[in-house]
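[1] with the input below, show me the fold.
(3 chains)
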Amino acid sequence: MDIKHQKKIDKTVTSLRKKDVTGGKVVTESWEPNLEYAWDNGPAISRYLAELKKGKLIGKRCNKCDRVLLPPRMFCEICWRPTDEWVYVEDTGTVNTFCISHVDWKAGRLNIKGGVRPFTPAVIEIDGASKGMGILHMIDKTNPKNIKMGMRVKAVWKPAEKREGSITDIEYFKPIGKKK
Amino acid sequence: MGYRKVAVVGAGITKFARYAQETVSELSYEATKMALDSCEMNLSQIDCVSVGTAPDAFDGIHMNGEAMAEGSGGWCKPVMRNYVGGGTGVMSAIHGWQHVASGMFDTCLVVAEEKMSSAFPHPAGAFLTIFDHTTEQPLMPTLLWIFAIEMQRFMATHGYDKKDIARVAVKNKGNALNHPSAQLGAEITVEDVLNSEIMAYPVNRLDVSPTSDGAVALVLAAEHVARRVTEKPVWIDGVGHALDSAYWCTRDLYYPDYVEVAARKAYEMAGIKEPHKEIHIAEPYDPFTYKELHHLEGLQLAPRGGSVKMLMDGHFDRDGNLPTCPSGGLLGVGNPIAAAGLMKVAEIFWQLRGEAGKRQVPGQPKCGLAQAWGDLMQVGTVVVMRA
Amino acid sequence: MALIERLQNRPDATYWPGKIPMTYIYTAGRAGEAFFKKLRDSGKFIGARCEDCDLTYFPPRIFCECCFNRIEGNWVNVKNRGVVHTLTICHETYDDKPKETPSIVAFIRFEDTDGGMFHRLGDVDYEDCYIGMPVEAVLKPKTQRKGGILDIKHFRPL
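    I've put the predicted structure just below:
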């Protein structure tokens, strides 16, 4: 990058402010895609959801690498072969890692000072699945400061009549005592 | 192994900005034109174009590669797009290298562009659908979560302290003060980082790179062309890329295996046996502060669990033993996703030619590395370059 | 059992509904800004000239795609006259619903330029339209123009 080009860099971009873009100072066009999708769950996740509705977690075993895979899948991504039998796993597990989020999905700020509890998503290794088989879910009803890696947690289910076959049929995970 | 030698012979870059007025095509043009001018080449000498741009959901333009093509010099030429999320920028250089090394083309323009400012309410929202639509998306996750979650695991495994990791932001934003494209160059302190707004603990605002608009371009040439075009070709001596499982909750996030696999491939191709001694300068991917250290360990440029000590010892400073992100990185220059990765390759090009101006690291480095990371915490892309 | 067999005959297979909840605001860019401001403020059209290639880009752009030279600022006035290059009639909306009034859309080449634009034809029946038909743009009144392609209501036969 010689000096001649360095000086040119400033002129390559016309830097605007957000209000210039949203407030009509420059010519703009806007678009809301408004597209809706129906994503096929496939047989493995369909069964996973059906079991969630019953208040159970189910995985699938690969008899070659001898792993119990969670969420269940029709093929083992390591052995590259169809998976074998269905295996019920527990609704308890261990916090592998977590964070304390002050923002929502669109980077919107939660009103923490106003008393809103931060989100505390975690990777939870589920008992009965192979070591390291975590799922993403939320921890709640405990002070975020008390959440620790290695902490034991248990699923809190929605009442049966409100479950609809969704990962949110588990409302959140709550801390429990040590594993026996 | 039957590959032709490929050199970078020219490079161009736009300013990185939060809201650019320029269109995708215009941003691409500014970078591409500068790259061609820098080596006094014109479009008639270009055989093919490799374009890189991250998800269409940022720019809000379906098939954004096509929107970029003309501004990237692609009119009536073979134009090919690659996309591996944040890894796209470095992947574009690898992609271009493949075109020329294979013997298919003698020259290739490599152009990476991102215009994130079109996306509302915030570009972060476009990440929602990279999570599994059935088992994760209903929890309304944001990408910040998995970074914070990974950082936590990284810190806990090695016993790292958040305030030490914050020094990456201090270093990179400081380095960026000397980069003419930089969006966020600044003199800051560790306290500034720790006192900045909490995004998702352990990630504070100054631990995160900004969203940006910008473009970067390189001109690649086969050896016989490169030697005619310039006296200072910079050779791409090794490339590697690898993808890990999309079941990101199944991996132990403390260590990026995919980066190690990619790096080992690149080192093998470049004949590098002891990377920490043979690599003089590195641009590891730094969208978040801890990520730079995480990747340095994966790249075998720091021992597992040893990167923070090296950081604290000044090892990675501009005048240290292994300067890292001398450009200012994503944290300082900005993070127009695909363009940010290619900016790292361009920085190694300028550094190895001794053309980095005030950013120039001392000691005439001869061998450098650029790396990026992307998709759902799972792809590693690495290039090794020599003067 | 082979994987493919397992995937068939699954009455319990389900889908998950969702959307990408984003909206976009696009800037017109440097050439687009010049073009649309001119259209909005004075009701006139401009193109961009590359003398080396003898090309007049319409709408204008900041570079010539052939020689890659910068042509930003080489704006030239373009007459509000064109010819229908090709056309069709649409009976359905973009999302597959029947349209009450079918619309005629055309690619219109502008006189003395190497470009043109895609737009609607109006004040005319489809049966009377033909390739090569001379047309002109009908603009919205100045007070209603906001800088955009819809500042042009439609094109009508000359």
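
[2] contacts for the lowest-mean-pLDDT helix or strand in chain B next, please.
    Lowest on mean pLDDT, DSSP states H and E among the helices and strands of chain B sits helix B:56-59, with a mean of 86. By C-beta atoms under 8 Å, 6 or more residues apart in numbering or on different chains, the surrounding residues in contact with helix B:56-59 are B:24, B:53, B:62-64, B:67, B:114-116, B:118-119, B:123, B:126, B:129, B:337, C:20, C:22. Bear in mind the C-beta positions are built from the backbone N, C-alpha and C, glycine included.

[3] if you set the cut-off to 6 Å instead, what comes out?
    Helix B:56-59 is contacted by residues B:Val24, B:His62, B:Asn64, B:Lys115, B:Met116, B:Ser118, B:Ala119, B:Pro123, B:Ala126 when judged by C-beta atoms under 6 Å, 6 or more residues apart in numbering or on different chains.

[4] tell me how many other residues crowd residue 158.
    Looking at chain A here, since you left the chain open. 16 (other C-beta atoms under 10 Å in any protein chain shown).

[5] if you could check chain C rather than the one you did, that'd help
    Neighbours of C:Leu158 using other C-beta under 10 Å come to 11.

[6] can you pull out the helices in the chain?
    This is for chain A. Under the criterion DSSP state H, chain A contains helices at A:3-12, A:18-22, A:42-53.

[7] was after chain C, sorry
    C:3-7, C:29-42.

[8] quick one: which of the ones you listed is nearest C:Val138?
    With C-beta to C-beta as the measure, helix C:29-42 is the member of the helices of chain C nearest C:Val138 (12.7 Å).

[9] related to what we said a few turns ago, so of the helices of chain A, which one's packed in deepest?
    Comparing those by mean neighbour count (mean count of other C-beta atoms under 10 Å in any protein chain shown), helix A:42-53 ranks first with a mean of 20.

[10] right, is that helix up against chain C?
    Yes - against chain C, helix A:42-53 shows contacts by C-beta under 6 Å from any C-beta of the partner chain at A:Pro43, A:Ser46.

[11] just stretch A:25-33 next, same as before
    Yes - judged by C-beta under 6 Å from any C-beta, stretch A:25-33 and chain C are in contact via A:Val26, A:Val27, A:Thr28, A:Glu29, A:Ser30, A:Trp31, A:Glu32.

[12] filter those to the buried ones?
    Buried residues within the residues of stretch A:25-33 next to chain C, defined by neighbour count using 16 or more other C-beta atoms under 10 Å in any protein chain shown: A:Val26, A:Val27, A:Thr28, A:Glu29.

[13] chain B contacts on chain A?
    A:1, A:5-6, A:9, A:12-16, A:21, A:26, A:39, A:41, A:45, A:71, A:77, A:97, A:99-103, A:105-107, A:121, A:123, A:132-136, A:149, A:166-168.

[14] and what of chain C?
    Residues of chain C lying close to chain B (C-beta under 6 Å from any C-beta) are C:16, C:18, C:20, C:22-24, C:26-27, C:29-30, C:62-63, C:65, C:68.

[15] and chain A, which residues reach chain C?
    A:21, A:26-32, A:36-41, A:43, A:46, A:82.

[16] now the strands for chain C?
    Ranges of strands within chain C are C:15-19, C:23-27, C:45-50, C:55-57, C:75-78, C:82-92, C:98-110, C:116-121, C:134-139, C:152-157, based on DSSP state E.

[17] hang on, the earlier thing: with distance to B:Gln364 added, can I get the helices of chain A in JSON lines?
    Formatted as JSON lines, these follow (distance: least, C-beta to C-beta, whole Å):
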{"stretch": "helix A:3-12", "distance to B:Gln364": "19"}
{"stretch": "helix A:18-22", "distance to B:Gln364": "43"}
{"stretch": "helix A:42-53", "distance to B:Gln364": "56"}
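
[18] tell me which of those sits nearest to C:Ser42.
    C:Ser42 lies closest, by C-beta to C-beta, to one member of these: helix A:18-22, at 22.3 Å.

[19] by contact count, what packs against the closest one?
    Helices and strands touching helix A:18-22, as assessed by 3 or more C-beta pairs under 6 Å, 6 or more residues apart in numbering or on different chains; DSSP states H and E, are absent.

[20] quick one: mean pLDDT for that helix?
    The pLDDT scores in helix A:18-22 average 94.

[21] please name the nearest non-neighbouring residue to the spatially most central residue of chain B.
    Centroid-nearest residue in chain B: B:Gly341, 2.2 Å away (criterion: C-alpha atoms, centre = their mean). Closest residue in space to B:Gly341, ignoring its immediate chain neighbours: B:Gly89 at 2.0 Å, by C-beta to C-beta, 6 or more residues apart in numbering or on different chains.

[22] pull the CA atoms of the host helix or strand of the one you found into PDB?
    Using DSSP states H and E, B:Gly89 sits in helix B:88-101. This file holds the C-alpha atoms of helix B:88-101, laid out as PDB (Å, rounded to 0.1, in the frame of the first residue of the first chain):
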ATOM      1  CA  THR B  88     -15.200 -16.300   3.600                       C
ATOM      2  CA  GLY B  89     -12.500 -13.700   3.200                       C
ATOM      3  CA  VAL B  90      -9.500 -15.900   3.600                       C
ATOM      4  CA  MET B  91     -11.400 -18.700   1.800                       C
ATOM      5  CA  SER B  92     -11.700 -16.300  -1.200                       C
ATOM      6  CA  ALA B  93      -7.900 -16.100  -1.300                       C
ATOM      7  CA  ILE B  94      -7.700 -19.900  -1.200                       C
ATOM      8  CA  HIS B  95     -10.400 -20.100  -3.800                       C
ATOM      9  CA  GLY B  96      -8.400 -17.800  -6.100                       C
ATOM     10  CA  TRP B  97      -5.200 -19.600  -5.400                       C
ATOM     11  CA  GLN B  98      -6.900 -22.900  -6.500                       C
ATOM     12  CA  HIS B  99      -7.900 -21.300  -9.800                       C
ATOM     13  CA  VAL B 100      -4.300 -20.200 -10.600                       C
ATOM     14  CA  ALA B 101      -2.400 -23.000  -8.900                       C
END
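
[23] how far away from the center of its chain is it?
    Offset of helix B:88-101 from its chain centre (C-alpha atoms, centre = their mean, to the nearest Å): 13 Å.

[24] repeat that for stretch A:40-47.
    For stretch A:40-47, the distance to the chain centre is 18 Å (C-alpha atoms, centre = their mean).

[25] what residues does that stretch touch?
    Outside stretch A:40-47, the residues touching it (C-beta under 6 Å, 6+ apart) are A:Pro72, A:Arg73, A:Met74, B:Thr134, C:Arg10, C:Asp12, C:Ala13, C:Thr14, C:Tyr15, C:Trp16.

[26] return the closest of the buried ones among the residues of stretch A:25-33 next to chain C with respect to chain B.
    The nearest member of these to chain B, counting by C-beta to the nearest C-beta, is A:Val26 at 5.8 Å.

[27] quick one: residues contacting that closest one.
    By C-beta under 6 Å, 6+ apart, the contact set of A:Val26 is A:Asp20, B:Gln21, C:Thr27.

[28] report the contact partners of whichever residue of the stretch 201-350 of chain B sits closest to chain C.
    Here the stretch 201-350 of chain B gets closest to chain C at one residue, B:Asp213, 9.5 Å apart by C-beta to the nearest C-beta. By C-beta under 6 Å, 6+ apart, the contact list for B:Asp213 reads B:Ala17, B:Ala20, B:Lys115, B:Ser117, B:Pro336.

[29] among the residues you listed, who's most crowded?
    Busiest of the contacts of B:Asp213 [other C-beta under 10 Å] is B:Pro336, holding 36 neighbours.
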